[in-house]
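Visitor: The amino acid sequence is not available; the structure is as follows:
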C-alpha cells in the first residue's frame, strides 16, 4: 500500500487533479518502479567499478590473478559481468528483475550466470572468496526506496508545492498555483490497482 498526504489550495485545482491522478496512477506507479529498478542496476554496476558495492570493499585479488589480468580490480576483466547486469520487466512492468539473468552470456557465448554466482557467494572450497556485488547494492538501495518512490510519483503527478508528505521530511517547492484562501487536506491510498481519496 502506498499512502500520500498533501495539502493543496483551491477547490477547482483539487477536483481537476484528483481526476487526472486517478486516471494515471497505474502509469505513475509503474514508471516510478522502473526508475527504481534502473537505479538499483546503476548502484550494482558502480559498486563493481568502485570495488566497493554498498560501501563494502572487495577482498583483494591474488598476485597471480593480478599478473594474468594485468589489473588489480576484482570482477572486472573484459566487462562481461557488468554488461550482464540488466533490468527486465515482469508482469507488465509491475515488478522488475535486476541482476544477471540465467541466459546471459559472455562475448564468446559462455554462460555468465554461473560465474556471477561464484563471485557473489564464492566457491565451497574457498579457492575463490565471495565478493558480493548484488546483495550489498540491494541493501544500500533499500534504504529510502519507499520515500524515493513517493517523491517520484508526486513529481509525475505534477504537484507544485507540497506542504506535508506523511512520513517524509522532504518538501517539494515552486508552486505554480494561483488559488489562495481555501485549503484541502487530501489523503490518497493506492492499493490493488485502485486509488481512494479522502478530502478534509
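Guide: Okay, I see it. Nothing here was measured: the structure is a model prediction, and the numbers come from that model. Numbers count the residues shown, from 1 in each chain.

Visitor: Contacts only, for residue 103.
Guide: Neighbour list for residue 103: 111, 113 [criterion: C-beta atoms under 8 Å, 6 or more residues apart in numbering]. Glycine gets a C-beta too; all of them are placed from N, C-alpha and C.

Visitor: Might you report the residue contacts of residue 114?
Guide: With C-beta under 8 Å, 6+ apart, residue 114 has no contacts at all.

Visitor: List the buried residues in the helix or strand that contains it.
Guide: Assigned by DSSP states H and E, residue 114 belongs to helix 113-121. Neighbour-count burial for helix 113-121, counted by 16 or more other C-beta atoms under 10 Å, picks out 115-116, 119-120.

Visitor: Would you check those and say which has the weakest pLDDT?
Guide: Taken together, these show their lowest pLDDT at residue 115, with 87.

Visitor: Run the chain-centre distance for the helix holding residue 114.
Guide: The chain centre lies 22 Å from the centre of helix 113-121; the measure is C-alpha atoms, centre = their mean, to the nearest Å.

Visitor: Burial check on residue 69, number of neighbours?
Guide: For residue 69, the neighbour count with other C-beta atoms under 10 Å is 14.

Visitor: hang on, isn't it packed against residue 77?
Guide: Yes - using C-beta atoms under 8 Å, residue 69 is in contact with residue 77, at 5.7 Å.

Visitor: Below-threshold pLDDT in this structure: ranges please.
Guide: 1-17, 107, 159-200 (pLDDT under 70).
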